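Peer 1: Sequence and predicted structure are below.
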Amino acid sequence: MPTEVQVRPGVEGDLDALTEIYNHYVRTTPVTFDTVALTPGERRPWLLSHPEDGPHRLMVATQDAPGTGAPRILGYATSGPHRARPAYATSVETSVYVAPDAGRRGVGTLLYDALFTALSGEDLHRAYAGITQPNEASVRLHARFDFRPVGTFREVGRKFGRYWDVAWYEKEL
């Protein structure tokens, strides 16, 4: 019987697994506009920009791997700066990445639930998410958390030899 999925703040020891999950999306999908896989060293500043408190968080979902009892990372959710200028400080941009073999199991929902619970005490006004189109699973996840569409950047990114639209969503916090 599989163990329960646990969600906790991300730590530096998670870096290799988080980078592996992210690189899957870099190599195989347009959901991120990075076009070259990153090393854990290149991702380290990103990880360190998400402390255990404050508005910029990293939440990690784990489950004990069958037969080993060792925790395996199933995915992560983040909140980070929406824009760099000071007046944007009460807005965050959020994202969720789930390991390719852990999709459709509610991991994204658990991660976002933990992330928004952690953010509930912060001085935040809005969360934003950009979703490369088409991505019906991500649209459904964000709708479940009361994100509403606010606009689409048409053909804003080029990856895999074609242009992609990014639909933007916002949520009141």
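Peer 2: Cool, got the structure. Numbers count the residues shown, from 1 in each chain.

Peer 1: Strands of the chain, residue ranges please.
Peer 2: Using DSSP state E, the strands of the chain run over residues 6-9, 58-64, 71-81, 91-98, 126-132, 148-159, 162-172.

Peer 1: Relative to H24, which of those is closest?
Peer 2: strand 91-98 (8.3 Å; C-beta to C-beta). For every residue, glycine as well, the C-beta is placed using N, CA and C.

Peer 1: What helices and strands are in contact with the closest one?
Peer 2: helix 15-28, strand 71-81, helix 107-119, strand 126-132 (3 or more C-beta pairs under 8 Å, 6 or more residues apart in numbering; DSSP states H and E).

Peer 1: now those in JSON lines, with distance to H50?
Peer 2: Converted to JSON lines, the helices and strands packed on strand 91-98 look like this (distance: least, C-beta to C-beta, whole Å):
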{"stretch": "helix 15-28", "distance to H50": "10"}
{"stretch": "strand 71-81", "distance to H50": "6"}
{"stretch": "helix 107-119", "distance to H50": "11"}
{"stretch": "strand 126-132", "distance to H50": "15"}
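
Peer 1: So for V36, which of the ones you listed sits nearest?
Peer 2: Among those, helix 15-28 comes nearest to V36, with 7.0 Å by C-beta to C-beta.

Peer 1: which regions of the protein sit below the pLDDT cut-off?
Peer 2: Where the chain drops to pLDDT under 70, the residues are 1-3.

Peer 1: quick one, which residue of the chain lies the farthest from its center?
Peer 2: For the chain, the largest distance from the centre (C-alpha atoms, centre = their mean) belongs to G67, which lies 28.2 Å off.
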